[in-house]
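1. Sharing a sequence plus its predicted fold:
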Amino acid sequence: MFCRFFGGLREDVLRKAPWYFSDFKDALHLQCLASFFFMYFACLTPIVTFGGLLDTATDHNIVSRPGLTEFVLVDLELFVVKSFY
């Protein structure tokens with residue numbers, strides 16, 4: 001009837017603990033790193049392109065030079081929210 005606080009999470013971590021090292025080792029494989037960098041730049045290039053187009057279209061009135069940083073941070077937040085769906 002009474003459960004331990006985070007008891008299921010603790011059991012899950014203990015059950016999967018033997019495989020954590022191999023998961024991190026597999027993440028450092030060359031093909032995995034290549035796909036990580038590909039996805040990173042595939043997600044980053046539309047942000048940079050949109051920022052440049054907005055800068056040109058508004059005749060430098062909306063987007064200042066630090067504006068690219070804001071675009072990257074806002075899109076990062078949106079990607080994190082989108083990943084939950």
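-> Yep, that arrived.
2. Relative to the whole chain's centre, how far out is whichever strand or helix holds K16?
-> Using DSSP states H and E, K16 maps to helix 7-27. For helix 7-27, the separation from the chain centroid amounts to 21 Å (computed by C-alpha atoms, centre = their mean, to the nearest Å).
3. What about F24, how many residues nearby?
-> F24 is surrounded by 9 other residues when neighbours are defined as other C-beta atoms under 10 Å. Quick note: C-beta positions are derived from backbone N, CA and C, even for glycine.
4. quick one: it from T49, how far?
-> 34 Å (C-beta to C-beta, to the nearest Å).
5. thinking again about what came up before, give me the helices and strands touching the helix holding K16, please.
-> For helix 7-27, not one helix or strand is in contact under the criterion 3 or more C-beta pairs under 8 Å, 6 or more residues apart in numbering; DSSP states H and E.
6. and that helix, which residues are buried?
-> Buried residues in helix 7-27, counted by 16 or more other C-beta atoms under 10 Å: none are found.
7. Please pull up the helix or strand immediately following it.
-> Using DSSP H and E, the helix or strand that follows helix 7-27 towards the C-terminus is helix 30-57.
8. Tell me how far that following helix lies from the chain's centre.
-> Taking C-alpha atoms, centre = their mean, one finds the center of helix 30-57 at 12 Å from the center of the full chain.
9. the inter-axis angle of that helix versus helix 7-27?
-> Here the directions of helix 30-57 and helix 7-27 differ by 90 degrees (axes from the mean of the first three to the mean of the last three C-alpha atoms, to 10 degrees).
10. any chance you could read off phi and psi for D59?
-> Summarising the backbone geometry of D59 under the convention degrees, to the nearest 10, its torsions are phi 60, psi 40.
11. how many neighbours does it have?
-> As a measure of burial, D59 has 7 neighbours, counting by other C-beta under 10 Å.
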